[in-house]
Structure formats: structure tokens, C-alpha cells
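S.K.: Sharing a sequence plus its predicted fold:
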Amino acid sequence: MGLLGGLFNQFRKGLKRTQELVLAPMGRLLGLGRLDEAQLQELEDLLLQADLGVRAVDQLLARLRAELKGGADIDPKALLKDELLKLLRRRPARAFLANGTQVVLLVGVNGVGKTTTLGKLAAHLKARGEGVLVVAGDTFRAAAIDQLERWGERAGVPVLRNQMGGDPAAIAFDGAASAQAKGTPWVLIDTAGRLHTKDHLMKELDKIRRSLQKVIPGAPHRVLLVLDATTGQNGLVQAEAFARAAGVTDLVLTKLDGSAKGGVVVPILARLNLPIAFVGVGEGLEDLLPFDAEAFVDGLLDV
Ligand SMILES: Nc1nc2c(ncn2[C@@H]2O[C@H](COP(=O)(O)OP(=O)(O)OP(=O)(O)O)[C@@H](O)[C@H]2O)c(=O)[nH]1
Ligand SMILES: [Mg+2]
């Protein structure tokens, strides 16, 4: 099986809950060549429940109605796929390519999956044969440092830590300096979960960024905002403020496997104006997928 075929299967697995709980009845509708008004409404409701967002759903339905008016039989599935791809392909993420020492900072609200994503990303880069240093920038809780150390062991990469309560900006600085001195291509920095409304915590992120810049101009090269797919569009306003304040370059959408709102990628991409780099589809080391619009849409519409 080709890479894209493999990715499609993984997305299909990741979108299972969205499928089962919301989109399964769509299969019947999508098999019809002509949809009457009641069926169009039914389709609209299902797409809204999958959290595709009002604007995208309006746009999709408008296209379906326009084509139906033309009189010919249509293929609703092909049409939906086409429209969804247009929406999702607008902002492809830059590849994660080693180029000197690249510093990646993971940020987000509490419990969204930052540490887990960092562990998976470390394993992914390591599997490509590239050196990784993980930095325990969440010095807030002892458990957070231990959790990160376990991920470091699983991924087979070193973890830099200092004592609990230490200054995250200081350890970030040390991590970047050490990686640069050793020629390590990747530095992945974990941070404590924080709400965008907590001003002093947002300022702490800025301090981390400034201290990284002192070591490597241009660092952090990537700032990943981690979002939890189970909160659907409810997390959007929060994320928007977060994205503005923290110099975010990419999004990671976690827990897609536990969410019935897989369609939320559509409003996220529309609203936050940032690419989705990765999607989390489980708690294992391998459960981080590079976001691929086509594999995603195929997984979503495989009903
Ligand atoms: N099913 C599933 N669970 C996930 C995924 N990503 C993370 N989790 C789980 O979500 C929970 C929180 O993950 P963490 O990585 O600790 O989240 P965090 O953002 O680091 O949390 P704080 O540091 O407390 O802010 C854990 O139980 C993870 O196993 C995912 O893609 N799928
Ligand atoms: Mg954490």
C-alpha cells in the first residue's frame, strides 16, 4: 500500500467517532444522484453536527443546490469532496526539515495534549534518523517533568530538565545552547498549559521566545499551538487569542480519535489562518499524522 493509502486508513481510523456518531447516515444521502429539499436539509444537519461550521456548510449546500438546479444528476460525494478540498488546501503546512538547529515550542491551554504530541513528534523525528533534544519547559508540576521523561524514554531521546519551579525561559535557553553546541537538529520544548486570559502566563511565553532568540536568531522556528478536537468549535475563540499572542506558526489538532467533531478542521483553518501541521489520533507513539487534506477528506466521506 502506498503512503497515501496508509495515511487514508489512519485518518479513517482517527475519524471513526465522527463517522459512527454523526456521518454514518450520510452514506445513503451521498449515494443519491438527486437530492430533494428534505434530504438536503438532512445533509446540512449532519455536516453541522460534525462541526464543519455554518459558513462552510452554507457554501457546500449552495454549490449542491446550484448543481441540482442545472437539472443533471450529480454525484454529491464527489462534489462535497471537491469543495472540502478547496477549503482545506488553502494553507498547507511547511515540512519539518532539519536545517541547523531548529527549535520547536509547544503551547496551548491545559490538558490539550502538548506533552503527548511532543513525545510523538520526538519519536517521528528520531525515526527519520535525526537527533532530538527534549526540554522540560513545564516546570510547574513535578508530574509534568516525569511524564516528559517517560516520553523521552519511549522515543529514545534525551530530556533536559531542571528542578520543579525553575525558570522555563532559562531551561529553554540551556536546551537551545546545548543543542546548537552539539549540532543537534531538533530541540522540542514543552510548556505548561495556560489560559490566554492569564496575562502573566502569556508574558512568560514571550520571555521564553526572547531567551531562545538570544541563543539562535530566528528561534523558535516553529511554535505549535495544540488544540483538542473534542472541544470542537468551542475552543476556537480561545485559540484565536492564543494564536495572536504567542507567535504561533502551526496548529496541531489532538484527540481526533475521541471526537465526533472531526469536521472542526474546516472552521479552524478558516478562522485561525494557520496551517494544521499534525493531527493526533491516539495515545501511542505512532498516533501523530502529518495533516493531509486529501486523506482527511477521504476518511471523512468514507461513509
Ligand atoms: N485519544 C487521544 N488522547 C490523547 C491524544 N493526545 C493526547 N491525549 C491524551 O490527553 C491527555 C492529556 O495529554 P497531555 O499531553 O498530558 O496534555 P498537556 O497539554 O501536556 O497537558 P498540561 O501539560 O496539563 O497542560 C492524556 O491522557 C493523553 O494521553 C490523542 O491524539 N488521542
Ligand atoms: Mg503537559
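M.R.: Ah, there it is. Ligands and ions are numbered 1, 2, ... in the order given.

S.K.: Residues of the chain that sit close to ligand 1?
M.R.: Proximity of the chain to ligand 1, by CB under 6 Å from any ligand atom, involves residues 108, 110-116, 138, 144, 192-193, 254-255, 257-258, 280-283, 287. Using the backbone N, CA and C atoms, a C-beta is placed for each residue, glycine as well.

S.K.: let's see 8 Å
M.R.: Listed as neighbours of ligand 1 in the chain under the rule CB under 8 Å from any ligand atom: 106, 108-119, 138, 141, 144, 147, 190-194, 226, 228-229, 254-258, 279-283, 287-288.

S.K.: Can you list which of these are found in strands?
M.R.: When DSSP state E defines the strands, the subset of those inside them is 106, 190-191, 226, 228, 254, 279-280, 288.

S.K.: now those residues as CSV including neighbour count and distance to A66?
M.R.: Putting those into CSV (neighbours: other CB atoms under 10 Å; distance: CB to CB, whole Å) gives the following:
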residue, neighbour count, distance to A66
L106, 25, 43
D190, 27, 48
T191, 28, 47
V226, 28, 38
D228, 24, 36
T254, 28, 36
V279, 28, 31
G280, 25, 37
L288, 24, 39
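
S.K.: Identify, from these, the entry nearest to ligand 2.
M.R.: Nearest to ligand 2 among these: D190, at 5.9 Å, using CB to the ion.

S.K.: who in the stretch 51-200 of the chain is up against ligand 2?
M.R.: Residues of the stretch 51-200 of the chain lying near ligand 2 by CB under 5 Å from the ion: 114-115.

S.K.: Quick check: the residue of the stretch 51-200 of the chain nearest ligand 1.
M.R.: With CB to the nearest ligand atom as the measure, G193 is the residue of the stretch 51-200 of the chain nearest to ligand 1, at 2.3 Å.

S.K.: wait, what's in contact with that residue?
M.R.: 108-112, 114, 138 (CB atoms under 8 Å, 6 or more residues apart in numbering).

S.K.: Give me the buried subset of those.
M.R.: Using 16 or more other CB atoms under 10 Å as the burial test, the contacts of G193 include 108-109, 112, 114, 138 as buried.
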